[in-house]
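>>> sequence? don't have it. structure:
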């Protein structure tokens, strides 16, 4: 399948793509094992689109147990060249409150113990990819231009901090991340972005802010519940179908 215009990876709260028509399920065998679930390939706004639920369609995989290598390799195996990753995140700085959509330009990796490269196995090629701009600049600009055309508000800057999870962060950890320059905090941004670069895929992040990170909001003692997260994701996602349609039409 070489006619797939875009792949979308769904994060927490985004387990399916309702607009995907005539979808077929694919689960390619990869050298790295099985992906998180089937890759659903169908038509969206007249174009071929692939969708993969990063955590599994029943949210069965915690962030540190996701087989990121298999997910990206499986997408490439079905013919994907462009990936729009949806990541549910917490907001750290003022522009990134709950229900905001953001397309960050930088990231900092705080994860550990995850298999983060295709160069892991003995005898595999040693890859030293350029990662100065972790998200493909051209695809980022296409996302932002599409959002502007259909008047979906997207914050077009920011730094994503990837933490280990699955627990949420302490107030001290978030304060450190803010000092480091992070605007957003999530648990799945890496090694996914780095693996996409190793595989030669164009990759951009569309972050869905579900809550204030610990101690970052107007109420520093706010307790975050999963129900609140899902409600905020649903509200923030309302404009995604028209944004994706505009991106595909471009």
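Nice, I can see it. Since the model is a prediction, treat every value here as computed from it, not as a measurement.

>>> whichever strand or helix holds residue 193: how far from the chain's middle?
Counting by DSSP states H and E, the element that carries residue 193 is helix 192-198. Relative to the centre of its chain, helix 192-198 is centred 12 Å away, using Cα atoms, centre = their mean, to the nearest Å.

>>> give the other helices and strands that that helix contacts.
With contacts taken as 3 or more Cβ pairs under 8 Å, 6 or more residues apart in numbering; DSSP states H and E, helix 192-198 sits against helix 68-77, strand 82-91, strand 202-212. (C-beta placed from N, C-alpha, C; glycine too.)

>>> what packs against the first one?
Using 3+ Cβ pairs under 8 Å, 6+ apart as the contact test, the elements touching helix 68-77 are strand 4-10, strand 47-53, helix 192-198.

>>> circling back to that earlier point, and the helices and strands packed on helix 192-198: which comes nearest residue 180?
strand 82-91 (14.8 Å; Cβ to Cβ).

>>> mind listing what's buried along that closest one?
For strand 82-91, a neighbour-count test (16 or more other Cβ atoms under 10 Å) marks 82-91 as buried.

>>> that strand pairs with which strands, parallel or anti?
strand 4-10 (parallel), strand 184-186 (antiparallel), strand 202-212 (parallel) (DSSP bridges).

>>> present the helices and strands packed on helix 68-77 as TSV; the columns should include mean pLDDT.
Shown next, in TSV, are the helices and strands packed on helix 68-77 (pLDDT from 0 to 100):
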stretch	mean pLDDT
strand 4-10	94
strand 47-53	95
helix 192-198	98
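
>>> got CSV for the ones you listed, with mean neighbour count and distance to residue 184 too?
Compiled in CSV, the helices and strands packed on helix 68-77 are given as follows (neighbours: other Cβ atoms under 10 Å; distance: least, Cβ to Cβ, whole Å):
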stretch, mean neighbour count, distance to residue 184
strand 4-10, 23, 16
strand 47-53, 24, 21
helix 192-198, 23, 13
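
>>> could I get the ones you listed in a markdown table, plus columns for distance to residue 25?
Rendered in a markdown table, the data for these read as follows (distance: least, Cβ to Cβ, whole Å):
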| stretch | distance to residue 25 |
| --- | --- |
| strand 4-10 | 14 |
| strand 47-53 | 10 |
| helix 192-198 | 21 |
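
>>> so how far is stretch 100-114 off the chain centroid?
9 Å.

>>> first to last residue in it, what's the distance?
29 Å (Cα to Cα, to the nearest Å).

>>> right, I'll leave it there.
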